[in-house]
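Novice: Would you be able to build a 3D model of this:
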Amino acid sequence: MKISIITPTWNRAAQLRSALESVACQEAPPCEHIIIDNLSMDGTQELVLEYAKTARYPVRCIREADGGIYQAMNKGIAFATGEALYFLNDDDMLYDAQVLSMMSRCLKSMDADIIFGDVVLLDEGQKGGRYYRRHRQVNCLTLVERAITQQAILYRREAFDRCGGFNQELRIVADHDWLLRAFLHHDIRGIYLKRPVAVFRIGGVSNDGESAQAHRRERKLVTERYYSSREIKAARLYRNLLRKVPFGATLLNCFVPLRLKIWTLREKNGTFHQDPLAWIDL
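Specialist: Prediction:
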């Protein structure tokens, strides 16, 4: 599949370099890399020009003021020509050289709208360390309190035609809002591929300490937009108890519909197979 990479950026040249390098080393390169630069003044423009000279694919830089990361991402959608879209933030990286080829083959072979994997969280602060975030249990109730990390997802371009773009009125959680809208209102189909796809640096706008209060406020607003109070209570029950029990989701599904159209796949020797453990919610 032809994949468009979209990278919003603003004064993050030091981190942006590693993001660009992770795209440049892909075995199956994207059809284009669109960089939406909010008038950076830290050498970003020179870095992008240097990158464009050596890249094996077109690099387009839209350098103009914008109203935030989601407006920049919507601009990227409008400019993109690929069959699939991947949003790579300026301080994150693709996990390895096979990410685009594997996700592309998997999405192309299945009748799905998105594919997502796992991410590695990189803490460069005082605590340091790397942490693994799995997305293996995704259903209506897990999405009440836990989002799929944006960097884990490859979107089929047509999904935005059906579901619309990101809500620019939201500052931090518009990607989560989009997923809820897509799954709950448009019945999209997804694939969970059990492998890491991105390295996510802790410390961006969604997990900055100064943004914690705004983050909670937006998450509450979005949650109450899509869920009833009964469903929110069921989500707490599922998180605290039934999520840890084999067939817990199956049991709760008898009372609160929570299954989404998501297939769990594993890759082995270049082919994709359904994961049998997915049926017992493990």
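Novice: For the stretch 51-200 of the chain, which residues score under the pLDDT cut-off?
Specialist: 125-128 (pLDDT under 70).
Novice: ranges for the helices of it?
Specialist: Taking DSSP state H, counting those that start in this stretch as the criterion, the stretch 51-200 of the chain carries its helices at 69-79, 99-109, 142-145, 157-163, 174-180.
Novice: Give me the contacts around the last one.
Specialist: If I follow you right, that is helix 174-180. 70, 87, 143, 147-148, 150, 163-168, 170, 219, 222, 225-226 (C-beta atoms under 8 Å, 6 or more residues apart in numbering). Yep, even glycine has a C-beta here, placed from its N, CA and C like the rest.
Novice: Same check on the third one?
Specialist: Outside of helix 142-145, the residues that reach it under the criterion C-beta under 8 Å, 6+ apart are 176, 179-180, 183, 223, 227, 231-232, 235-236, 238-239, 243.
Novice: Same check on the second one?
Specialist: Where contact means C-beta under 8 Å, 6+ apart, the residues beyond helix 99-109 that reach it are 1, 3, 26-30, 84, 86, 94, 114-115, 117, 154, 156, 191, 193, 195, 197-198, 265, 267, 272.
Novice: For that helix, buried residues please.
Specialist: Buried residues in helix 99-109, counted by 16 or more other C-beta atoms under 10 Å: 99-100, 102-107.
Novice: thinking again about what came up before, emit the PyMOL select command for whichever of the contacts of helix 174-180 are buried.
Specialist: Buried members of the contacts of helix 174-180, defined by 16+ other C-beta under 10 Å, are picked up in PyMOL with:
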select buried, resi 70+87+143+147+148+150+163+165+166+167+168+170+219+222+226
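Novice: Which ones among the contacts of helix 174-180 lie within strands?
Specialist: If you go by DSSP state E, the contacts of helix 174-180 have F87 in strands.
Novice: Report all helices and strands that the longest helix seen in the chain contacts.
Specialist: Assignment by DSSP state H gives helix 212-226 as the longest helix of the chain. Judged by 3 or more C-beta pairs under 8 Å, 6 or more residues apart in numbering; DSSP states H and E, the packing partners of helix 212-226 are helix 174-180.
Novice: Now do the helix it packs on: distance to the chain's middle.
Specialist: 10 Å (C-alpha atoms, centre = their mean, to the nearest Å).
Novice: got it, and stretch 42-58?
Specialist: With C-alpha atoms, centre = their mean as the basis, stretch 42-58 stands 24 Å off its chain's centre.
Novice: before we move on, what about stretch 4-22?
Specialist: Offset of stretch 4-22 from its chain centre (C-alpha atoms, centre = their mean): 16 Å.
Novice: gap between the two ends of that stretch?
Specialist: 14 Å (C-alpha to C-alpha, to the nearest Å).
Novice: do the same with stretch 141-148
Specialist: 13 Å.
Novice: repeat for stretch 250-258
Specialist: 9 Å.
Novice: need the contact list for L252.
Specialist: Counting by C-beta under 8 Å, 6+ apart, L252 touches 141, 234, 237-238, 242, 258.
Novice: So it versus K233, what's the distance?
Specialist: To K233, L252 is 12 Å away according to C-beta to C-beta, to the nearest Å.
Novice: buried stuff in stretch 181-192?
Specialist: 181-183, 188-192.
Novice: Among those residues, which ones are in strands?
Specialist: Counting by DSSP E, the part of those found in strands is 190-192.
Novice: closest to P276 among the residues you listed?
Specialist: Y192 (13.9 Å; C-beta to C-beta).
Novice: I'd assumed R136 was in contact with that closest one.
Specialist: Yes. Using C-beta atoms under 8 Å, Y192 is in contact with R136, at 6.5 Å.
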